[in-house]
Structures are given as C-alpha cells and as structure tokens.
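> everything below, folded, please.
(2 chains)
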Amino acid sequence: MPEKRDRLVRYDPGEYRDRFTVFFWVILAAVCLLVLRLWYLQIIKGEELLKRSENNRIRIREVKAMRGIILDARGVVLVENRPSYDVVIFPEDVKDLKGLVEKLENLYAKVGLTFPMDYETILENRRPFTPLRVDRNVSREKLALVETHSLDLPGVGIDVMPVREYYYGESMAHVIGYIGEVSREELEREKSAGYKSGDFIGKFGLEKALDRYIRGRPGGEQVEVNVVGRKVKTLGRVEPVQGYRVVLTIDSQVQKAAWAAMEGKAGAVVALDPRDGSVLALVSRPGFDPNLFNRGVSADVWEKISSNPLHPMENRAIAGQYPPGSTYKLIVAAAALEEGLITPETSFNCPGSFEMGTRTFRCWRKHGHGRVSLHRAIVESCDVYFYHVGRLLGVDRLAQYAQAFGLGARTGVAMAGERRGLIPTRDWKLARFGVPWQPGETISIAIGQGYNTVTPLQLANAYAAVANNGEFFTPRVVQRIETDDGEIIEEFRPEKKAVLPVSRENVQLLKRALWGVVNEPGGTGGQARVAGRDVCGKTGTAQVIGMAEGDDGSAYPYEYRDHALFVSFAPRDNPEIVVAVVAEHSGHGGSAAAPVARKVLEAYFAGKARP
Amino acid sequence: MKIDRRLILNFDWTLALLVALIVGMGVLNLYSAGHGISGEPHVKQIRWVLLGIVVMALAFAFDYRWIARYAYAMHALAVVLLIAVFAVGSVTKGSQRWINVAGFTMQPSELVKITLILALAKYFNDHRIEGSYGIRELVAPFLIVLVPFVLVIKQPDLGTALMLMILFGSMVLFIGVRWRTLLGLAAVGLLIIPIGWNFLAEYQKERVLTFIDPQRDPLGSGYHIIQSIIAVGSGGILGKGFMRGTQSQLKFLPEQQTDFVFSVFAEEWGFLGALLVLLLFLALILWGLKIARHSRDYLGTLIAVGVTMLIFWGVFINVAMVLGILPVVGIPLPFFSYGGSSMVKMMAAMGFLMNVSMRRYVLQS
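Below you'll find the predicted structure:
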C-alpha cells in the first residue's frame, strides 16, 4: 500500500494553519488591489475614458525611413530626399465611402482636375487600418485644396513620403540609378529583408546595388486623431532610422563637364585616377531623368524612354562595346616591343597602302607617311606601320597582351550590367564560326578593327595601366559607406588588379609617343592640348562600315558613320587622371572626341586649383 | 478499481458550480469578443470545454495518491514533448510552442504546468523533513522546475516560464523554508541575472527590456495597454452591454480573445460585472485553499495548494496586466481566454482539486 509511508509522519494540517492564513491574506490583498484599480478606471476615470472610447482615434502609422544621401568625393550632395505629399483615405474614419468619393470628385472637378481613382477601385484596394493612397505626389495647389476642405472630408488625410531628389538628374542617372515601388517579384525574392508592398526599393545603378545600406529602417507613430482623422497628439513614436550615407569616388565637377562636353552626342566618357582606380566621372549619353521614376513612372514617359532608338537606359560606359580603332595601337606596340619583334628604331615604309595576297589595306592618310619608326607611327597614327607589326605578332600573341591590359574581361567595377567586350583568338573564331582564322583578319585587328570590341571603362583602365607605369587597379565608384556621424560601415579600398608584362623602358617610350600625339606637330590629338599640362593621348576612329577613301562619312546615314575615340592621361610624368571618350557616329577621334577629353581635363585641373 | 459509493456522495458541488459559472461566463464573453473573427472562437471553445470535462473526470476518477506515483514519469513526458517542440513544432508569432499529438495541436508548455505541480507535490511529500527546508534540500526540486523552465524560455515564451518559477516559489513558500535560505536564494538570483543576460539573443533581450519598460515599444505593448485601459474604463459602472463594447467590436483591442479577453468583459459588463468575475475567482481560490486545508493527507494538501496557486497567479497577473498595473506578458486568463491547451489544462487542474476534495473523508480499507 502506498499510503504506508504517509502514516510514518502523522499528517496534521493544523501544522500549516499559519501558512494558510498568510496565503489567505495575500490573496485577499491582491484581489482588493485589482478591485481598487477597477474602481479607479471604471468609476473615477469612467466618464473621461468613455469619451475617449467614443472617439477612439488612436492609430498606429508607419513613418517611412529616409534613404541615405549620396555624396561625391568632395562632399557635394548628389542625392537627397524631399517630402512628397499623397492624398490618403483612412478606411476606419470613413462612414460613407461612396459619398466621400463623390465629394472628392466634385472638389477636383471644381478646379478642372479629375480625381484619379474611382469608387470601385478604392473599395477593392482598401485594407483595415492601412491608409490608402488615392492620389500620389500631389502639387501644392491640390494639397491646399484638400487641406482647406478637410472638415468636409472625414477620413481623408495627407501623408508625407520622402522621395529622392537627384540633383544631377540625367548626367548621373547611370551611376546612381533610381528607385521605384517594390514589385511583387522583389517582394518574394527579398522576403527576409522586410519590404512591404508600397515600399520603395532601388531599381537600377547604385540605388539598387547598395539598397540594403541606403534604405534605412522605418519607424512608427502611435497617434491620437480627431473625428476627421487628423493627428491631435502623438502618444508614442519610434524614430525611423535613415539609411547610410554613400560617398562616391566621382567628382561632380568633372562629371558635369564630361556630360556637358558630350552635348548632342551619343556615347560615353570615363575618367579615372590611374593611381588607385577611382572613377572620377562616368557618363553615358543619352541619359534619362531619374527624378521621373520617383513616384512610379507614367506610361508616356516610359514609352518615350523605352522606344528611343538610342537606348537611354543603357550604361554605355560599362555596357557599350565598341571597336577600339587606333587606340588599340598602344597595345599592339607594347606587345611587339616586349616580344622583341621591333625596336624603337625599326621602321617601315608607308606608301598609303599595304598589300597582302590579293587584298589591299589602306592607311588613313591617302598619300602615306613615308618611312616611319614607332614614335612617328603612333604620333601620326600610321596604319601601314601597324599592319606590318600585326603580321609579325599574330593574333594569339596580340590577344595575350590585350588580356594583360584587362581587355576582353569585366573590369570588376561594382556596378551591375558590365559587359566583357571581345578579344578574338584563333580558337575563338573556330569555335564561334567553325572557320579558321584568316591572315587578313590579323591585319584588321592590328588597328583595332574587326572582331575587337572594348568598353569605354576597359579602355580607360588599359591606358591607366600605362599611365601608372604598369600597375593598375580595379575601378571603384564607391569610396565608403558611413553613418551620419561619419562612422564607417564599409570601406572600399583601392584594389590592385595586375602589373603589365611590359618593361619600364618600354612604358616610358610609349608614354613619350602618346605625349607626341597631342603635343608634336603632325600629331592626331592636338585638340586635346591643355596649356601648362603635359597631356598624353591616342586618337581612334572606328569604322562601322567600309567607306571609300577620304570620305568623312557625313553623306552617310547616322548609324553608318564612324565612332570617334580618344583616350588620354595627364600630366605625363605623374598622371593623375585618365579620360576615355567614345562618341558614337561622330567622325574622327582627333576632331570629335579629343575636344571632349580636353574639356574634361580642364575641368579636372580647374577643380584641383580650387580648394 | 472499485468506486466507493461515498465518493459520489462527497462530490464537491460547490467547486463544480463555481467552475461551471466561470466557464459559462467565459464562453459567453468569447462569443462577444470573437464576434466577426473568422472561425467563431466560441464554438471551438465549447468543444474544448467538453473535452476539458472529460479530462477533468479522468483527473478525479482515480485516487490522486495512485496518480502521483506516476508524477515523475508524466513530468518527464511533458519535458520530452517540450524538447520535441523544437524538432517538429510549428512557429506562430515568432515563437515555437505548438506540437501535433495524435491529430491535436497542443502546447506542451501548458501540460507541463500540471505535471510540475504533481511532481513537486510528490517530491515534497516523499521528502518530508522536520522544520524548515534549507538550500541542500531544495536542489533536487529546483531541477524539476529548471529543466522545463529553460526549455520554455528557449521557445521563447517568457510568460509561461515565469509562471513555472512562480508556481515553484509558491509551493516552496508553502512548505516553509529557512529565512537564511530564502535570503540566500534571492542573492543567488540577483547574481545569475547579469550572467544569464549575456546568453540571451538580441531579440530576447529586447523582449525582456520591453517587459520591464513598455514605453520602449509604444507601437506594440504600449498601444495594447492604452487601448485596454480605455476599454475597461469606458465600461463605467454598468458597462456598455453585451456585444456593444465599441472598443472590442471595432477591433481596437489587440489579442482580444486571448490575453486581453478581460478588457472586453469589463467594457461590456462594467464595474459590477468585472467585480462579479473577480469575486467568483476569489471564491474559487479560497475554496481551493479550504480543500487543501481539509485534505486527508499531505500529498493532497500540496496538490491542492499548487492548483490553487495556478488559478490565483493566472488571474492576478492577467487582470493586472489588462488593467495596466503589470507589464504586458502573455499569460491567459483562466477559463476566459480562447485556447484549447489552456482550457484543458485548467479543467484538468480542477479535476485534481475535485479529486482531493472528494477523498477527504474516505477511510482506508
């Protein structure tokens, strides 16, 4: 029997009498406390709380976080936030929705406007306790209109949303990008990131790439509102946290100059600092105004942008693939020197054309350059000289050097949509077309025509390698991400990419030749000259179709005209800036692209002079 | 087992009546609180009450001394279920509390409250000592509560974890401890808090901080409290009438069918109604103490005290929270809050109370 053990210690509940008494009083006191509190709330404060419950207008409202601002390298604000006003309906404050919508429609009609939403749509889209935005980003006039009639419009309110203000509009659209309302797919994909429908998210450029840093964290407000839904008192508030600040390597003055210099042209300009790979300017023309995307882009604006044959949304600086033309000669020359195929003294005769088998390859100068050595061949951009060199080198050896200069591969800049360009080899052609490489094709690629394509950023970085005596970097657009107080969240340090397989003497030799292009008589790049700065550079004119000799192409339709290229750096001895310009279908590099580079260089040096 | 005829004669009608009244009011209130909420909670709640009555009958049909023999095994089973929650449990509102057993979803954390009472009652009954308890004698019973406590905290369900500790504390205070031991335990507790703090995850810390200072979270529990106070206060003396509470019918109240169910009642039935409910609970609690006092043995006393404390603390903490004198912590109001596990647990507890009460005169054969 289990009870047996119980009997060993005789049970006497009396032993616990005092403890029962203590428990009794404690319980009684606790219940009395509750009753007193009930008395206080229901009888003493009853009237007052009854009133509060009758117009209980305590609401929780989200307070949107402001996105982080974006600054240029000098601390100039490129992107900020400004308030935008929405007309909203708070469904719980509306007793007669149909009547309210009618009132709104009449009110709008009185001043000649149409109310953008009908009753059915509102009915369909309303959710309890969620303000429904019925008219977005309204003008000051509309704002005043709704505000002055607020007493007749119970449940209608104005909500403030921070929107982006892109001070540099089109000129930086491709770098900075734009934001838009989060789409259904993005909501799915970014589930864990805490987006809600109606939130904004970066859609393009750095706004997209750095979204998780820039977006910040929304706060909320517990507010008491009056009968028409207007805030009377804030009862509690969790402050939103603004997104982190992004500091770019871009210099807005240089960027602005580059954008202006390309006025009327399509193409791209890239400026970077060869000493650490910082991108100082990155322009793609035509552009688009990211401010238009702020609150959802309208159908006709979108139509205009997407139907433009020049594709304004494409970032040509990193995604445009162009034949390098004569700018490629720098690489051909470096390869031939390193391989010992030529010396600075080696010379070839240029009678104005070059025969190979049955084909004739022309020099751009109809009557030829006569006998030229390497220096003059670069300065005057003699094609025939490089036909000879190209034949000696062969396609695969040239490709090796081109790759060493970073061509044919993404530079690794932290921007979405970068393209690779193309550096052809024998194997590539066989695999691609199933036809062996033709010797004549080597002659074409020796002057940057044929299958070769590069992006403006690649081109700039390849020249940066020479400018910086062989050492070059992965281009970077963002310096650092920091808090408002300047505490660094993430820093993007210069990243050394590679060292050119070119000797120091050869680099110096090439630099002197590039200086000659701009500064010696007969040089093709004279228009890039900047007084007092030893500018070096190389012109390029990339054919889109073959033209008769001496034809400047102006008689041809736009899309068949030559691309004009110019790549430069300055000053010669300690280069601080590299500028690559590609102007589509604009004619000769020396006349159409070199002046653009000059303006960019001038802006850079002018900016340096300013504190 | 032969059932003694006197057992039926000794059926505790007072207890049954009190429970019936409270449960009835609870379901009625839930009908109003759950109005317009999908799934008609009051209908489901009635099903839980019926299941609860069956469990209650089971809990008093067999002699508690016989049931207590399996107290440790039952407690161990509850702990295993708590562990299983992490493996196969489902997550709602950010914490993992539910488990599927034989087609029912249940909360093992509710079951463990009952098994804890039984296990502690058995332990203190088996290890009776002369005089007051010291630290050395409390180590083993402390382990009985510590294991489920840690598991429940991990879910995380601070309300239930707190309840387990309070139950343990109440029973220990009842059996009597030395003053020195009491002070020593308090000191150790104060020392453990800062150490344990570092082991908590960031969101758990945030919960604890909000628990201490609701103003940290004005959009969450701060909002709940204000709405609840408005609801209760606006009820006045006589209330707004059944189904006519504006706060609750307009869904201003958060969790109005679970943790804040009492504010719905107070709004609609006023001070008189709320007072009646509190008095009914007080009557039930005092009746429980009476049962404990008149139990025929020490085991019965301990079980009855544990069960009574379960009701008392549930009512006190929940109502105090609803009235804004305690921070918001998820403890349901016994018999009133919507939820199967809680209802079945409370009915089982009443079964044990009945069990002790019915057998107070039964002589041993």
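> report how many residues lie close to the closest residue to B:A119 other than its chain neighbours.
Closest residue to B:A119 apart from its sequence neighbours, by C-beta to C-beta, 6 or more residues apart in numbering or on different chains: B:H75 at 4.1 Å. C-betas here are computed from N, CA, C, even on glycine. Neighbour count of B:H75, defined by other C-beta atoms under 10 Å in any protein chain shown: 25.
> mind checking how far the helix or strand that contains B:H75 is from the chain centre?
In this structure, B:H75 sits in helix B:71-88 according to DSSP states H and E. Here the centre of helix B:71-88 is set off from its chain's centre by 18 Å, with C-alpha atoms, centre = their mean, to the nearest Å.
> okay, A:V241 and B:G314: tell me how far apart.
For A:V241, the distance to B:G314 equals 39 Å [C-beta to C-beta, to the nearest Å].
> who's more crowded, those two?
B:G314 (25 against 15).
> my guess is the more buried one meets B:F335, correct?
No. Under the criterion of C-beta atoms under 8 Å, B:G314 is not in contact with B:F335, lying 9.1 Å apart.
> shared neighbours of those two, anything?
B:M346 (C-beta atoms under 8 Å, 6 or more residues apart in numbering or on different chains).
> check contacts around residue 169.
With no chain named, the answer covers chain A. A:287, A:289-291.
> most surrounded residue in these?
For the contacts of A:G169, neighbours tallied by other C-beta under 10 Å; top is A:P290, 27 neighbours.
> ramachandran angles for it?
Phi and psi for A:P290, reported as degrees, to the nearest 10, are phi -60, psi -20.
> the closest residue in space to it that isn't next to it in sequence: neighbour count?
Among residues not flanking A:P290 along the chain, A:Y178 sits closest, at 3.7 Å (C-beta to C-beta, 6+ apart). Neighbour count for A:Y178, taken as other C-beta under 10 Å: 24.
> A:E165 now?
A:E165: 17 neighbours (other C-beta under 10 Å).
> what packs against the helix or strand hosting it?
Using DSSP H and E, A:E165 sits within strand A:156-166. Applying 3 or more C-beta pairs under 8 Å, 6 or more residues apart in numbering or on different chains; DSSP states H and E, we find strand A:156-166 packed against strand A:77-89, helix A:140-148.
> so what's whichever residue of the stretch 451-600 of chain A sits closest to chain B up against?
Of all residues in the stretch 451-600 of chain A, the one sitting closest to chain B is A:I489 (18.3 Å; C-beta to the nearest C-beta). Neighbouring residues of A:I489 by C-beta under 8 Å, 6+ apart: A:213, A:244, A:480-483.
> picking up where we left off before, for the strand holding A:E165, buried residues please.
A:156-159, A:161-166 (16 or more other C-beta atoms under 10 Å in any protein chain shown).
> of those, closest to A:G46?
A:G157 (31.0 Å; C-beta to C-beta).
> does the closest one touch A:R133 like I think?
No. Taking contacts as C-beta under 8 Å, A:G157 lies outside contact range of A:R133: 10.5 Å.
> just to revisit the earlier point, okay, now the sheet partners of the strand holding A:E165, with direction.
strand A:77-89 (antiparallel) (DSSP bridges).
> any buried residues in the partner strand, and which?
Buried-residue list, strand A:77-89, by 16+ other C-beta under 10 Å: A:78-81, A:84-89.
> okay, now the nearest residue to A:N308 once chain neighbours are set aside: neighbour count?
Excluding its sequence neighbours, the residue lying closest to A:N308 (C-beta to C-beta, 6+ apart) is A:P286, at 7.0 Å. For A:P286, the neighbour count with other C-beta under 10 Å is 19.
> mind listing what A:P286 touches?
Per C-beta under 8 Å, 6+ apart, neighbours of A:P286: A:170, A:266, A:308, A:310, A:312.
> can I get these in TSV including pLDDT, secondary structure and neighbour count?
Formatted as TSV, the contacts of A:P286 follow (pLDDT from 0 to 100; DSSP: H, G, I helix; E, B strand; the rest coil; neighbours: other C-beta atoms under 10 Å in any protein chain shown):
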residue	pLDDT	secondary structure	neighbour count
A:E170	90	helix	19
A:A266	91	coil	21
A:N308	85	coil	12
A:L310	86	coil	12
A:P312	88	coil	20
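> mind putting those in JSON lines, distance to B:F242 included?
Converted to JSON lines, those look like this (distance: C-beta to C-beta, whole Å):
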{"residue": "A:E170", "distance to B:F242": "66"}
{"residue": "A:A266", "distance to B:F242": "76"}
{"residue": "A:N308", "distance to B:F242": "68"}
{"residue": "A:L310", "distance to B:F242": "72"}
{"residue": "A:P312", "distance to B:F242": "66"}
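> ok, so of those residues, who is nearest chain B?
Taking these together and measuring to chain B by C-beta to the nearest C-beta, the closest member is A:E170, at 40.5 Å.
> need the phi and psi values for the nearest residue to the closest one once chain neighbours are set aside.
Excluding its sequence neighbours, the residue lying closest to A:E170 (C-beta to C-beta, 6+ apart) is A:G287, at 3.4 Å. In terms of degrees, to the nearest 10, the main-chain angles of A:G287 are phi -110, psi -170.
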